[in-house]
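**Q** Structure of the sequence below:
(one chain, ligands or ions: 1)
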Amino acid sequence: MTTRRIMIDPGTTTHGLVVTEGRYVVASDSAADSATVEEWIRLSAPCLVLVERIQAHGIAGNDVIRTAEWSAHFRAIALEHDRDCAWLYRRHVKRALDVSGRSSDAVIRARLRSEYGEPAWQTAKLCPRRKAKSHTVDCPACGGSGFSRRAGWLAQVKGHAVQALALSLAYDLGAREVTP
Ligand SMILES: [Zn+2]
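**A** Below is the predicted model:
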């Protein structure tokens, strides 16, 4: 059985969330509310919960503090429910992915795109012949499915959810929780 993974990129009020089982995306949300994230943790047993841990650079503003509070909150919920959990600093995620740079959301996105390959991210395409009266299950373009191209397994993973997904790849590449 493939273990479910819940990946969380915390924000001030909404959070990047991806839930996978192997190469199957169970859920993906670039702006999940806190209750939704908690529900996934509670209802998913067994699972591995990966949460980005927040680190302040210089003086932390209220947004950073708030984000850090959510990060700790989700980790606490995971531990409370006996889920396997890893709390990963972004710098460790970046090191595992071998990316650098200060504003690196785009760099991480590019790294994930190349890791999983373009077909994984492709969106579905409707069959150009689907509206023709002669369209049948024998359609050479779609085989009757109505889609000339199927969506890749990561097609629905967007925005902050991509940053959440980075936690999973980093974990696979050896990133682990550190103390304190
Ligand atoms: Zn067709």
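**Q** in the longest helix along the chain, what's buried?
**A** For the chain, the longest helix by residue count, based on DSSP state H, is helix 62-80. By neighbour count on 16 or more other C-beta atoms under 10 Å, the buried set for helix 62-80 is 64, 66-68, 70-71, 74-75, 77-78. Every C-beta, even on glycine, is put in place using the N, C-alpha and C of the backbone.
**Q** With stretch 5-22 instead?
**A** In stretch 5-22, counting by 16+ other C-beta under 10 Å, buried: 5-11, 14-20.
**Q** on that earlier part again, looking at the buried residues of helix 62-80, which is nearest the ion?
**A** Ranked by distance to the ion (C-beta to the ion), the buried residues of helix 62-80 are led by residue 74 at 43.7 Å.
**Q** ok, that closest one touching residue 37?
**A** Yes - Residue 74 lies in contact with residue 37 (C-beta atoms under 8 Å); the separation is 6.0 Å.
**Q** Need the residues touching each of these two.
**A** Taking C-beta atoms under 8 Å, 6 or more residues apart in numbering as the contact rule, residue 74 and residue 37 both touch 8, 15.
**Q** I am finished for the moment; much appreciated.
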